[in-house]
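*Asks:* Need a 3D model of the following:
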Amino acid sequence: MAVMMNGVCELAQALPCAETAVYHIEVLKKPLSVLGESVIKERVAQLICEHKCVYGDFTLTEFDDQVLSDNILSVSLSDSEHLILDRKGVDLSQSRVELHVYTLNDDDAGTEEMDEEQVSMASQWMLPSAHFHGQWESLVFDEAIKERLLNYATTTLLFSDKKVNSAIISWNRVILLHGPPGTGKTTLCKALAHKLCIRLSERFNCGQLVEINSHSLFSKWFSESGKLVTKMFQRLHDYMDDPELLVCVLIDEVESLTAARKSCLNGNEPSDAIRVVNAVLTQIDQLKKFPNCLVLTTSNITGAIDLAFVDRADIKQYIGPPTPTAIYKIYLSCLNELMRVGIISPAQQLLELRALEVMRFMENAATRPSLQLREIAIKSQGLSGRTLRKLPFMAHAMFIQGPTATVDLFLHCLSQSVDQQFQDQANLAA
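*Replies:* Predicted structure coming up:
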């Protein structure tokens, strides 16, 4: 539901406008709350009008409104940084805002099994899921990759709802994320599925993420793997028959199911791997008829993927190692979290990188820790995002004695941890 905030904060359907920035406010509802969505949106709209000007992402968890306090866990604005280019902030009371009310499912992953084969074909989560909550916000990229993927998914559903003739305009509902290991491809896929179910909560009642267990689909019996792939996708059709359910299919390391057929040829008899590729391509083509389906795939070695599958991917997005700018944001979020829980104490404000840029990286007592963190980020270039998230833990585990540390001490130990990581990599490569 779109909301136009005006002087009296009335709820109204916003007219689409390509030139108007849209701000998405996500409202996390308490699991046991029975308060109607319309009442929640009305009170959150009033809250936003009172909050007024914002300068970036924010999350509110405490409310003066007792109704909100009793029924809401948080109100969040995320992915706003690319919209705030002039650093003057945005007045939400005069902006186009969309409110999304949702609750989290805290069930563990279920499994999809082939009874007759006694193999686990896939893991599945009901969405939005508590297991993926916060992952989207934790992912940091220099490019607007997350926005691009959200826009793609939204357009896919729009074209389906409008019944655009796919024989005239073609799209396959397939995303391929590729790049080196540890750059966040799989996490991004899961976070995207989670985020879509929040943003499209008025279009779909709920969502389901099905992660295919690629390795289990290769049968010990020759020629059976292709049949298993077909059976698995046909099982997915049962979910997609429900128009109120958004189904996101995740195939991690897709090269294991779509290995290039030209490298699989062995004599005159097609190998089992070729049958698997043919089955996957056939089933991907059949998914096009379902308007509530999205296929998310990842690969570390795209050169091994069959070109026919690569051609079917609408988006082929490279996810590379973080740049120093992204690394700084990752480290900053880690240190802020450690300050929140008291492991870094006393808490001290660390500046955003853009604030340092405005100050032309001038060094003084207030900017010195942030500038030191920037230097650590620069020398961390080349490390994967997975490694970067581990380094604050390793800094404490290896170099800090005691439950707490000052910012200065922690930054010194973080720098040591980065040096140690590069040394360990060099030793492994020797």
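
*Asks:* Touching, L177 and K190? I think so.
*Replies:* No - between L177 and K190 there is no contact under CB atoms under 8 Å: 11.4 Å. The C-beta positions use only the backbone N, C-alpha and C, and glycine is treated the same way.

*Asks:* which one of the two has more residues nearby?
*Replies:* L177 (25 against 22; other CB atoms under 10 Å).

*Asks:* Would you enumerate the residues in contact with that one?
*Replies:* K185, L188, C189, L296, T297, T298, S299, Q317, I319 (CB atoms under 8 Å, 6 or more residues apart in numbering).

*Asks:* Show residues contacting the helix or strand hosting the second one.
*Replies:* For L188, the enclosing helix or strand under DSSP states H and E is helix 185-199. If you take CB under 8 Å, 6+ apart as the criterion, helix 185-199 is touched by 24, 26, 100, 102, 127-129, 132-133, 135-136, 139, 145-146, 149-150, 153-154, 175, 177-179, 204, 206-207, 209, 211, 246, 248, 250, 252, 294, 296-298, 319.

*Asks:* out of these, which are inside strands?
*Replies:* Judged by DSSP state E, the subset of the contacts of helix 185-199 located in strands is 24, 26, 100, 102, 127, 175, 177-178, 206-207, 209, 211, 246, 248, 250, 294, 296-298.

*Asks:* Which of the residues you listed are buried? Put it as a PyMOL command.
*Replies:* To isolate the buried members of the ones in strands among the contacts of helix 185-199 in PyMOL, using 16 or more other CB atoms under 10 Å:
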select buried, resi 24+26+100+102+127+175+177+178+206+207+209+211+246+248+250+294+296+297+298
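
*Asks:* Now stretch 357-364: average pLDDT?
*Replies:* Mean pLDDT, computed over stretch 357-364, is 93.

*Asks:* what's the answer for stretch 232-248, then?
*Replies:* Regarding stretch 232-248, the rounded mean pLDDT is 93.

*Asks:* With stretch 280-293 instead?
*Replies:* Mean predicted lDDT for stretch 280-293 stands at 91.

*Asks:* hmm, who's touching it?
*Replies:* 157, 160-161, 166, 171-174, 204, 229-230, 233, 236-237, 240, 242-243, 245-249, 257-258, 295, 306, 308-309, 312.

*Asks:* change it to 7 Å
*Replies:* With contact meaning CB atoms under 7 Å, 6 or more residues apart in numbering, stretch 280-293 is reached by 157, 160-161, 166, 172-174, 204, 229-230, 233, 240, 243, 245-247, 249, 257-258, 295, 308-309, 312.

*Asks:* In stretch 300-311, which residues are buried?
*Replies:* Neighbour count says stretch 300-311 has N300, I305, D306, F309, V310 buried, by 16+ other CB under 10 Å.

*Asks:* likewise stretch 315-333?
*Replies:* Buried, per 16+ other CB under 10 Å, within stretch 315-333: Q317, I319, P321, P322, P324, A326, I327, Y328, K329, I330, Y331, L332.

*Asks:* Next: stretch 21-40.
*Replies:* Quick answer for stretch 21-40 (16+ other CB under 10 Å): Y23, H24, I25, E26, V27, L28, K29, L35, E37, I40.

*Asks:* how about the residue nearest to the fifth one when sequence neighbours are not counted, what does it touch?
*Replies:* For V27, ignoring the flanking residues on the chain, the nearest one in space by CB to CB, 6 or more residues apart in numbering is V101 at 4.6 Å. Contacts for V101 were tallied using CB under 7 Å, 6+ apart; they are V27, K29, E37, I40, K41, S201.

*Asks:* if you set the cut-off to 10 Å instead, what comes out?
*Replies:* 1, 25-29, 33, 35-38, 40-41, 44, 71-72, 75, 198, 201-202 (CB atoms under 10 Å, 6 or more residues apart in numbering).

*Asks:* Which of those residues fall in helices?
*Replies:* Judged by DSSP state H, those include E37, S38, I40, K41, V44, N71, I198 as members of helices.

*Asks:* For A430, state which of the residues you listed is nearest.
*Replies:* Nearest to A430, judged by CB to CB, of the ones in helices among the contacts of V101 is I198 at 47.0 Å.

*Asks:* Next, find the distance separating Q46 from L335.
*Replies:* Using CB to CB, to the nearest Å, we find Q46 at a distance of 35 Å from L335.

*Asks:* Give me the more crowded residue out of these two.
*Replies:* L335 (23 against 17).

*Asks:* So the residue nearest to L60 when sequence neighbours are not counted versus L228, what's the distance?
*Replies:* Among residues not flanking L60 along the chain, V75 sits closest, at 4.5 Å (CB to CB, 6+ apart). To L228, V75 is 45 Å away according to CB to CB.

*Asks:* Looking at the two, which is more packed in?
*Replies:* Legend: neighbour count by other CB under 10 Å for V75 and L228, higher for V75 (23 against 20).

*Asks:* quick one: contacts for the more buried one?
*Replies:* Contacts of V75 by CB under 10 Å, 6+ apart are 25-28, 40, 43-44, 47-48, 51, 58-61, 63, 68, 99, 101.

*Asks:* rerun that using 6 Å as the cut-off
*Replies:* V27, V44, L60 (CB atoms under 6 Å, 6 or more residues apart in numbering).
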